[in-house]
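Undergrad: here is a sequence together with a model predicted from it:
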Amino acid sequence: MLTTIAELRLWTRQQHAAGKRIGFVPTMGALHEGHLSLVRTADEQCDTTLVSIFVNPTQFGPNEDFNKYPRLLQQDVELLKTVGSPEVFAPGVEEMYPNGFAANVHIGNVSEPFEGRFRPTHFDGVATVVLKLFLMSGADVAFFGQKDFQQVCVVRKMVADLNIPIEITVCPIVRESDGLAMSSRNRYLTPSQREQSLVLSKSLAQAEKLLVGERIRDAELVRLAIQQTLRSAPEAVIDYVAIADPKTLQELTVIDPSQTPEVVVLLAVKIGTTRLIDNCVCRLRPCDTLQRQ
């Protein structure tokens, strides 16, 4: 396990000197099957895999769960051994943000709606730490999960705008058998809340049925139907329900498949005190028309 930037850079030089293609999976630990699926994909596509485990303080806002966020380093390291032998980079906060650190990365446009409205400093913290990790690791490919859809959009925009020489690969959402998207925060849910949390995946299935099956093209009608389903959970508090262009994250009102052949449905919902996000990408048939509203 590597804990310093110097150790990481030495390891990177050794891998590249041996002609190896490095796959990188950035995480905050508390690993679950969703993370492990990213590691497996990295192993399949690259010669060697690096996993970072770092609870990044700069992406947590006031009154968020930084102090209680689970830190399970040894358990995580053991779990990673079950999917191969990735190298682990687990730095301390002082290593990543030494005294006097003052840099900040802000990616406009795609960082500003949705999560950006509810967590105004979140994506600056994400972009800053991800850029640092990309530069430290020298990785060839980075693997992210679709569950953090807006985060992926921010990272892709940063890579494109700053000409960072790294590929971004997005892997499908991994779900529990009952449909709940896997998340390190699911462990905060009580049994009753865990049952209520299924309204997120149910509402996304409903959205896909309306958009793809029934060809509804009025985005507001779809949003209202999703909100009604979400509110069937007694403890649900909706932060947002959005139907947007998956590339620009611009919200849609009328959906025209000839202009937007795919749409993303994004949810953020608190169940009790636990905030959950989820999404689905709906691929519309190009022959669809706007006749049905």
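TA: Yes, it's here.
Undergrad: phi and psi next, for residue 52.
TA: The phi and psi torsions at residue 52 (degrees, to the nearest 10) take the values phi -100, psi 140.
Undergrad: quick one: contacts of the one helix or strand residue 279 maps to?
TA: Using DSSP states H and E, the element containing residue 279 is strand 274-283. The set of residues that contact strand 274-283 without belonging to it, under Cβ atoms under 8 Å, 6 or more residues apart in numbering, is 115, 146-149, 173, 181, 183, 185-186, 188-189, 193, 197, 200-201, 204, 207-208, 211-212, 239, 246, 261-270. Any C-beta I mention is one placed from the backbone N, CA and C, and that applies to glycine too.
Undergrad: which among those residues end up buried?
TA: In these, burial by neighbour count holds for 115, 146-149, 173, 181, 183, 186, 188-189, 193, 197, 200-201, 204, 207-208, 211, 239, 246, 263-269, counting by 16 or more other Cβ atoms under 10 Å.
Undergrad: sheet partners, orientation included, of the strand holding residue 279?
TA: Applying DSSP bridges, strand 274-283 is found paired with strand 262-271 (antiparallel).
Undergrad: ok, back up a step: what mean pLDDT does the strand holding residue 279 have?
TA: Strand 274-283 carries an average pLDDT of 97.
Undergrad: pull out the buried residues from that strand.
TA: Here strand 274-283 shows 274, 275, 276, 277, 278, 279, 280, 282 as buried, counting by 16+ other Cβ under 10 Å.
Undergrad: so what's residue 65 scoring on pLDDT?
TA: At residue 65 the predicted local confidence, pLDDT, stands at 89.
Undergrad: thinking again about what came up before, of the buried residues of strand 274-283, closest to residue 257?
TA: The shortest separation between residue 257 and any of these is 10.1 Å, and it belongs to residue 282 (by Cβ to Cβ).
Undergrad: how near is the spatially closest residue to residue 90 that is not a sequence neighbour to residue 35?
TA: Spatial nearest neighbour of residue 90, chain neighbours left out: residue 53 (4.5 Å); criterion: Cβ to Cβ, 6 or more residues apart in numbering. Separation of residue 53 from residue 35 (Cβ to Cβ, to the nearest Å): 10 Å.
Undergrad: pLDDT at residue 293, what is it?
TA: Listed pLDDT for residue 293 reads 43.
Undergrad: roughly how far does residue 88 sit from residue 72?
TA: Residue 88 sits at a distance of 13 Å from residue 72 (criterion: Cβ to Cβ).
Undergrad: so between those two, which is more surrounded?
TA: Taking neighbours as other Cβ atoms under 10 Å, residue 88 and residue 72 compare with residue 88 leading, 19 against 14.
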